[in-house]
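Student: Sequence first, predicted model second:
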Amino acid sequence: MVRRTGQLQLYDGAKGFLDSLPGWALRAENGIRFDHLESAAAIAEIQPGIAQHFTHATYTPDWNSVTDPRAYTLALADRFVTAGGRLVRANATALTATGVETDAGALQGRVVLAAGAF
């Protein structure tokens, strides 16, 4: 369900690439491995067939992809409940210093707010 596929972040010019560098520096500080690619030829070595107007890219070889997001989300929820967590479906109306207010009442303590397609 989770595959290590790598990821290629493409830029169609030097400006977008240069603007992204502070974010990549932060990733490097946190141990994320990546390689900057600064030519269409270097990009083509990793992903042949990419349009030539992409002149810069950053490749993260350790990037993981989820093949079935719904199944993955349900597995995470199941593991959370098995470990003692409680799932509550409600609309969050306000965050507070101690939790979250919802249309189903207040939830105190550690709270995970999650939203998505499911």
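Tutor: Perfect, I can see it now.
Student: residue farthest from the centroid of this structure?
Tutor: residue 105 (30.3 Å; CA atoms, centre = their mean).
Student: Name the nearest residue to that one, sequence neighbours excluded.
Tutor: Once flanking residues are discounted, residue 105 sits nearest to residue 90: 7.9 Å by CB to CB, 6 or more residues apart in numbering. Using the backbone N, CA and C atoms, a C-beta is placed for each residue, glycine as well.
Student: what's next to the lengthiest helix in the chain, contact-wise?
Tutor: Ranked by residue count under DSSP state H, the longest helix found in the chain is helix 14-29. Residues from elsewhere that reach helix 14-29, judged by CB atoms under 8 Å, 6 or more residues apart in numbering: 9, 11, 34, 36, 38, 55-58.
Student: Now do stretch 33-47: distance to the chain's middle.
Tutor: How far stretch 33-47 lies from its chain's middle: 21 Å, per CA atoms, centre = their mean, to the nearest Å.
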